[in-house]
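# sequence and predicted structure are below.
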Amino acid sequence: MRGKFITMEGCEGVGKSTQVSLLIDYLTKLGKKVYFTREPGGTVISEQIRKVILDPENTEMDAVTELLLYIASRRQLTKETIEKKLEEGFYVICDRFTDSTLAYQGYARGLDKELIKKLNEIAVGEVTIDATVFLDLDPANSFIRKGGADMQDRLERENIEFHKKVYEGYRHIAAENPDRVICVDASAGKEEIAAMIIEALEKKGII
Ligand code: TMP
């Protein structure tokens, strides 16, 4: 039986990594086969692309170049890993995926959203996302929680206005895809958030 594909999305510092770990623990305890991956990255080639994208020294990077690098990283990860793991029946949990590109390069950088949707389609081919967990917390609060931006990450160094646009982008994406996107209030405590995610995934018949 085909596995399930769950993506995790949200602004910087919303507690995505913690929730990914808690979800993996839960699924593993249920006896499910779980495969975790992240974007950009997740394969040798995609991790190489990640380094180029996030390198704070790459100040000359053009926005379209950046977009195409994210798409290239996604194509490689999808073909090399995600497709196969889903065929093998794994729960594939991906830290960021197509919505990140729409939110960051589309809503925040201002690149053509229809073009991004087309490029995402090319990158993912036949793969479909079963559920996306959007950890809903605005960047003003998430950066406080995180203790400031990671200056080694070219995207995180962007100003607060950029991150506000990312957040608004996510809210639009969630509103446009109510069947796929699960919105979770990420201001709650971590155990409470984890329980909300599990309940929503159960309701959707994914767990
Ligand atoms: P991370 O910090 O969650 O590992 O993600 C790396 C950065 O890349 C983060 O700032 C979000 C950004 N990003 C995009 O701008 N577009 C994308 O398509 C993806 C996957 C990530």
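Yep, that arrived. Residues are numbered from 1 along each chain as shown.

# can you confirm T132 is in a helix?
No - under the criterion used here (DSSP: H, G, I helix; E, B strand; the rest coil), T132 is strand, not part of a helix.

# OK, contacts around it?
Counting by CB atoms under 8 Å, 6 or more residues apart in numbering, T132 touches 6-9, 97, 99, 177, 180-182. From N, CA and C alone the C-beta is placed, and that goes for glycine too.

# okay, it: pLDDT?
On pLDDT, T132 comes in at 99.

# sticking with R2, tell me its helix or strand.
Using DSSP states H and E, R2 is not contained in any helix or strand.

# nearest residue to it in space, please, no chain neighbours.
L86 (5.5 Å; CB to CB, 6 or more residues apart in numbering).

# hey, where'd the helices end up in the protein?
Ranges of helices in the chain, per DSSP state H, are 16-29, 44-54, 63-77, 83-87, 98-101, 113-124, 139-146, 160-176, 190-203.

# just name the most buried of these.
Counting by mean count of other CB atoms under 10 Å, helix 98-101 has the highest mean neighbour count of these, with a mean of 25.

# what comes into contact with it?
With CB under 8 Å, 6+ apart as the contact definition, helix 98-101 has outside contacts at 7, 9, 39, 67, 70-71, 74, 116, 119-120, 123-124, 129, 132, 134, 170, 173, 181.

# now do the helix-or-strand element of the chain with minimal mean pLDDT: distance to the chain's middle.
Lowest by mean pLDDT, DSSP states H and E among the helices and strands of the chain is helix 139-146, with a mean of 87. Helix 139-146 has its average C-alpha position 18 Å from the chain's average C-alpha position, going by CA atoms, centre = their mean, to the nearest Å.

# got the angle for it vs helix 16-29?
Angle between the axes of helix 139-146 and helix 16-29 is 70 degrees (criterion: axes from the mean of the first three to the mean of the last three CA atoms, to 10 degrees).
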